[in-house]
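K.L.:
How does the following fold in three dimensions:
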Amino acid sequence: MNVLGIETSCDETGVAVYSTESGLVADALHSQVDLHAVYGGVVPEIASRDHIRRLLPLVQQVLGEAGIDRPDAIAYTAGPGLVGALMVGSGLANGLGLAWDCPVVPVHHMEGHLLAPMLEDEPPAFPFLALLVSGGHSMLISVTGLGEYELLGTTLDDAVGEAFDKSAKLLGLGYPGGPALAALAEEGNEAAYAFPRPMLNRPGFDFSFSGLKTAVMLEVRKAEEAGELEARRADLAASFQRAAVDTLVGRTLQAAEHQQLDRIVIAGGVGANRLLRSEMQARFTGQVFYPRMAYCTDNGAMIAVAGAMRLGDASRADEIRAQARWALNTLARPAAAG
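P.N.:
Below is the predicted model of the structure:
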């Protein structure tokens, strides 16, 4: 069965075809980074308009690459995300579902990220601990099966990706800031500044990154006042990245030990960070899984595979579903698994 996946939750238009028999068949992605860079962040109205312009040609492209006229089912991101952007994908998915008389599957965006490693040649088996880290989320989730998610910890303030982006802005780096900061950090001394590792010595598995971001801001101001910011930018970037990664890895290892899990999945945009990947591999005695770099950020392939795994939830197209907020741990097992 061929499943068409559509992702339009924020500023990437992603479309893919996933076969339940042979895996990923075709995928395409258009990024709006250049559109939003001048504003220093995502502008929802611009994002929605660009999705409208890009989505249908990408659908036609991937269907052509897959060698099919129409899919057997359509999966689309129903939330969480920007409502206007979500409605573009949801509207097209349901419209095509009616036109082609094929079922549609609404997919949770973060479940898509969580299941992205299923696209790899050696996917993780259940159960596992998932670290979902992006510009909007920092979560530790115990995953015992599809739709069986226990939220162990989340951020109490800023998501780690937001902390990366805001720290990058303080350092005068461009948008998106996270990758730019990570690149600059390779030139710096990560021990130059003793930034805090928040929450590591507190009970539970929650995160907090606002204090770390504030610590960076104070050091940037000192460097500016001394006329030394340009000379210290790389050290500031490296020290921030090390503190953030130490916090993520430390908290994840604590949770894995508590849950007695020997498999960890890292997913979401920050999951592409090379230091995070290498540190988790070095410090965890079990197996670590993550999607290839192209599928860490938003993409249609993760929605297609999630939809394929949730075909039991497929139904006739009759509702344009778009949820700005949608807790991952409210999901249930797919109907066919019941």
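K.L.:
Quick check: closest non-adjacent residue to Gly97.
P.N.:
Nearest residue to Gly97, sequence neighbours excluded (C-beta to C-beta, 6 or more residues apart in numbering): Ala317, at 3.3 Å. (Glycine included, C-beta is placed from N, CA and C.)
K.L.:
where in the protein is pLDDT low?
P.N.:
Where the chain drops to pLDDT under 70, the residues are 336-338.
K.L.:
wait, isn't Asp50 in contact with Gln32?
P.N.:
Yes. If you go by C-beta atoms under 8 Å, Asp50 and Gln32 touch, sitting 5.2 Å apart.
K.L.:
Only alpha carbons, please: show the helix or strand where Ile264 lies as CSV.
P.N.:
Assessed by DSSP states H and E, Ile264 sits inside strand 263-267. Extracted in CSV, the C-alpha atoms of strand 263-267 (Å, rounded to 0.1, in the frame of the first residue of the first chain):
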residue,chain,number,x,y,z
ARG,A,263,17.3,1.9,23.6
ILE,A,264,17.3,5.6,23.1
VAL,A,265,15.8,7.5,20.1
ILE,A,266,16.9,11.1,19.4
ALA,A,267,14.5,13.0,17.1
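K.L.:
Buried residues of it, list them for me.
P.N.:
Using 16 or more other C-beta atoms under 10 Å as the test for burial, strand 263-267 gives Arg263, Ile264, Val265, Ile266, Ala267.
K.L.:
follow-up on the earlier one: find residues that contact each of Asp50 and Gln32.
P.N.:
Shared contacts of Asp50 and Gln32 (C-beta atoms under 8 Å, 6 or more residues apart in numbering): Asp11, Thr13.
K.L.:
which helices and strands sit right next to whatever helix or strand comes next after the strand holding Ile264?
P.N.:
Next along the chain after strand 263-267, taking DSSP H and E as the criterion, comes helix 274-283. When contacts are defined as 3 or more C-beta pairs under 8 Å, 6 or more residues apart in numbering; DSSP states H and E, helix 274-283 sits against helix 177-185, helix 229-259, strand 263-267, strand 287-289.
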